[in-house]
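A.B. asks: Dropping a prediction and its sequence here:
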Amino acid sequence: MPEAIPPVFRRAVIALSGGAVDETVVRLALEFGRASRAELIAIHVVELNWTQPLDADVAERSEEAQRVLDAAEGVAEAMHGKLEAVLVQARDVGAAIVDEAAARDADLLILGLPYRTRFGGDFAIGRAVPYALKNAPCAVWVVREPMGEEPQ
Amino acid sequence: MTTPRPPLHGRKLGDRRVVVNRPHSDFFRYAGPGTMVAKAAASAPTTAVGRRVARVRAFVFGKPLTSAAEIGERLSKKLALPIFSSDAISSSAYATDEILRVLILAGIAWLTWSIWVAAAIALMLTIVALSYRQVCHGYPSGGGAYVVARENLGPNFGLIAAAALMVDYVMTVAVSSAAALANLSAYFEVIKPYSVELGAVIIILVTAANLRGVRESGNIFAIPTYMFVGMALLVIGMGTANVLTGHAHMVEPSKFAEKAGTEAFTIFLLLKAFAGGSVALTGVEAIANGVPAFKPPEAKNAANTLIIMALLLGVIFVGLTFVGMNYGVRAETSAGQPVLAQIGSAVFGPGILFALLQVSAALILFLACNTSFNAFPRLAAILAKDDSMPRQFAFRGDRLAFSWGIVVLAAAAIGMLWAFNASVDALIPLYSVGVFICFTLSQAGMVIHWRHERSAGWAWRSVLNGFGALLTGVVFLVVAYEKFFNGAWMVLIFIPALIGMMMFIRHQYAASSRALQMRPGTAIPQPHRHNRVVIPISGVNRAVVQALNVARSITTDIRAVYVSDDPATSTEVREHWVQSVPDVPLVVVESPYRALIAPLVAYLDVLDRSWPADQEKPITFVLIPEYVARSWWERMLYNQAAKQLRATLLGRPHTVVINVPYRRDETHVTAAAEEKHPDGTLVPGENGVATDRSSADRPSTSGRR
């Protein structure tokens, strides 16, 4: 088996959803980015529907949204790493993540994917990951969380 | 949103996003609903001087550690052994001297009894160590003898144990630094006149090392302790081998050897020798005091470290006594050599090994005080949590060390050095008295503990502890009797004085707690008392207007008071006031005796007296307008009268004192200054702040005073 070579990147955008997989994603990014001293940007997108203006005072006042990024910063601090946290409001999560990665000239976009199933048992990949895979100008990593135990 | 940001356009038409501000993120982190955790930046100093001080502190004591790093500061057994054992192990360097010094009084023939006395002390050490091992398991939150006595004998016995230990820890620091200097001055005569100053420097250095945190100080002090243990075991091993193979030669007594006496060899002399050699036990209790400093499992690690320490201490003490006896070593006066040096010289001969033994002995004697620096602050912290010491002692400093305890211990030890002119002979009688009180109380407490618990083996354990209590109690009585007139009487005064202080503190905290206590489930009604505001002024200026605006947000019952020693000025101020603030009454108090604070307080008294007796007293808010100085020298110029007034009103019933600061560089005030009305009246500026033409540039209401 060939020896695994850690991927090299200089700037990565980490998309955080607020789920359990976030910590894993941040840890992975910090570990892989340490060798190349990569710049890491954590982004959490609060999706607003069309009934609210895009600049409505929603995310700034939302402890929950702020906490997602604070938790990522905490993980980075514990690992003696640095992380820039960006909170964004947008109409579409996938588009906002990809646009932020493009705007920051990131060479890697990392997304966490919770293991969810639709009614009926089919795996549900959601909308943001397929959008990023299809539209991101840079490399995309998707980290899927482990399957939970089978329901009895 | 704090500052709206323009939407950013995406790669596709219609894709837009807004980056949201995170105003808290520089200083706080959300940890849960409604819970924020402060980051380092939240505690960082904001002034230039503060930043400089913080840099110096970080250089001297290290960068501040988070509470979460506490687990990383815990001690492994390897590191805890030298930290908590240097006191106990170092005492083996001089305990044999103490036995021989007593036995020689009965003649040289009786020196062979030294090994039996040492064996008896080793037995007592075994009992005490086993007892404290149980204390580590039974009371893992630390506190040692204090907690055992408090839980089993009652709070007052706990305080006796705590006071005795604290006095002994202070003495350990004073004696060990004085002894280290005495050893050094034997070689460098020139330092002898500066013993107190140098002793203070030594203590300050150890204090600084301990303020850097337990782990770091452990790293600094570990090597000398292990070095001494290694050298002592080597000299015992080689000496015993020589004895067993018949190569041991008798040491010729020097001119400094204690002269053989002609006293009868009685049980009292034997007890005296036993009590003298019992100094070997000092410091044994330190581990039980500091169980929480160990890595998990704390109790198990502490108990195992205690046993290792007791084994090392026992082996070194008995071993040195055995080798010394077989080499015919005698105790010498302070001008001569200690037993350890004589043994080293006889076994190693002159050379590097002997030099290493001497250096390691000197170092460990000096570092014995480090055990106190670890045990005293922890004990003080536990006492503070029990409200028997000021609560500051329970706070951890930047490096997670109990800084208050460390600093107070250092100050007390330096005080003792100064009071006794750093004389070892004068300090020694005060040493090791307290520790036997706490051994006795701890053992007695454990007897009751076993009787209550009735766990497996409780009967033999309580018999063992009972015997230990009896033994250590007897040693205490002998030590106290022998040393009483040499200075131990002072310890027997210090201890009750400390107990009295702790009882007083406990009483005070209990009284304040009762005063502040609320019944659980009590619904708090809306405030219903009348509010009134009094603003002491020194003219009409921006600071006063700022205070007026605050007053208006509290109540409509507002009055300004101008205390004046000059009738002409008061007329002028009144004119301005009526013109500028016609809706707020101004009371001018003429003060022909030129006092400013007292007439104002008297006016408040008059206000209170004029209130209807059948109604509940109103709350009087005294709003003090204050000019905020921008630099330290400005601070000396302004607000002196305001400070005095605040201090005077602090305990006044039904009175709330509020400082209303006025900052010169406030932008809204500058804007207000530009809105002067041509006739000179006050006009509200932005945010309701107004100004007037005549007094706008005078700095402060209270600054004038």
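C.D. replies: Now that the structure is in, tell me what you want to look at.

A.B. asks: tell me the mean pLDDT over the helix or strand hosting residue B:416?
C.D. replies: Element membership for residue B:416 (DSSP states H and E) is helix B:403-419. Averaging pLDDT along helix B:403-419 yields 92.

A.B. asks: Equivalent analysis for stretch B:79-93, please.
C.D. replies: Rounded mean pLDDT across stretch B:79-93 is 83.

A.B. asks: Specify the local secondary structure of residue A:141.
C.D. replies: Three-state call for residue A:141 (DSSP: H, G, I helix; E, B strand; the rest coil): strand.

A.B. asks: if we look at the helix holding residue B:416, which residues are touching it?
C.D. replies: Counting contacts by CB atoms under 8 Å, 6 or more residues apart in numbering or on different chains, the residues outside helix B:403-419 that touch it are B:169-171, B:173-174, B:177-178, B:195-196, B:199-200, B:203-204, B:206-207, B:210-211, B:369, B:372-373, B:376-381, B:390, B:392-393, B:395-397, B:427, B:430. Quick note: C-beta positions are derived from backbone N, CA and C, even for glycine.

A.B. asks: Apply 6 Å and report the result again.
C.D. replies: B:170, B:173-174, B:196, B:199-200, B:203, B:207, B:210-211, B:373, B:376-377, B:380, B:392-393, B:397 (CB atoms under 6 Å, 6 or more residues apart in numbering or on different chains).

A.B. asks: Check stretch A:137-148 too.
C.D. replies: A:21, A:25, A:101-102, A:106-115, A:129, A:132-133.

A.B. asks: What about those residues, which are in strands?
C.D. replies: A:108, A:109, A:110, A:111, A:112, A:113 (DSSP state E).

A.B. asks: Just the buried ones from the contacts of stretch A:137-148, in PyMOL syntax?
C.D. replies: The buried subset of the contacts of stretch A:137-148, as determined by 16 or more other CB atoms under 10 Å in any protein chain shown, is captured in PyMOL by this line:
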select buried, chain A and resi 21+25+101+102+106+107+108+109+110+111+112+113+129+132
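
A.B. asks: Keep only the contacts of stretch A:137-148 that also lie close to chain B.
C.D. replies: Residues of the contacts of stretch A:137-148 in contact with chain B (CB under 6 Å from any CB of the partner chain): residue A:102.

A.B. asks: related to what we said a few turns ago, and the helix holding residue B:416, which residues are buried?
C.D. replies: B:403, B:404, B:405, B:406, B:408, B:409, B:410, B:412, B:413, B:414, B:416, B:417.

A.B. asks: Could you list the low-confidence segments of the stretch 551-700 of chain B?
C.D. replies: Across the stretch 551-700 of chain B, the ranges flagged by pLDDT under 70 are B:665-700.

A.B. asks: for chain A, that is, sorry about that
C.D. replies: Along chain A, segments meeting pLDDT under 70 span A:1-6, A:149-152.

A.B. asks: Near chain A, which residues of chain B? Just list them.
C.D. replies: B:1, B:4, B:7, B:10-11, B:15-22, B:29-30.

A.B. asks: The closest residue to residue B:413 other than its chain neighbours in helix, strand or coil?
C.D. replies: Take residue B:413 and drop its neighbours on the chain: the residue closest to it by CB to CB, 6 or more residues apart in numbering or on different chains is residue B:173, 3.7 Å away. Secondary structure, three-state DSSP: residue B:173 is helix.

A.B. asks: Residue B:173 contacts residue B:369, doesn't it?
C.D. replies: Yes: assessed by CB atoms under 6 Å, residue B:173 is found in contact with residue B:369 at 4.1 Å.

A.B. asks: CA atoms of the helix holding residue B:416 as PDB?
C.D. replies: Output of helix B:403-419 as PDB, limited to C-alpha atoms (Å, rounded to 0.1, in the frame of the first residue of the first chain):
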ATOM      1  CA  SER B 403      -0.800  33.400  45.400                       C
ATOM      2  CA  TRP B 404      -2.200  34.900  48.600                       C
ATOM      3  CA  GLY B 405      -1.100  32.000  50.700                       C
ATOM      4  CA  ILE B 406       2.400  32.000  49.100                       C
ATOM      5  CA  VAL B 407       2.900  35.700  49.600                       C
ATOM      6  CA  VAL B 408       1.600  35.700  53.200                       C
ATOM      7  CA  LEU B 409       3.800  32.700  54.100                       C
ATOM      8  CA  ALA B 410       6.800  34.500  52.600                       C
ATOM      9  CA  ALA B 411       6.000  37.700  54.500                       C
ATOM     10  CA  ALA B 412       5.500  35.900  57.800                       C
ATOM     11  CA  ALA B 413       8.800  33.900  57.400                       C
ATOM     12  CA  ILE B 414      10.700  37.100  56.500                       C
ATOM     13  CA  GLY B 415       9.200  38.700  59.600                       C
ATOM     14  CA  MET B 416      10.400  35.800  61.800                       C
ATOM     15  CA  LEU B 417      13.900  36.000  60.200                       C
ATOM     16  CA  TRP B 418      14.000  39.700  61.000                       C
ATOM     17  CA  ALA B 419      12.700  39.300  64.500                       C
END
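
A.B. asks: Buried ones in the helix or strand just after it, by neighbour count?
C.D. replies: Downstream of helix B:403-419, the first helix or strand assigned by DSSP H and E is helix B:424-427. By neighbour count with 16+ other CB under 10 Å, helix B:424-427 contains the buried residues B:424, B:427.
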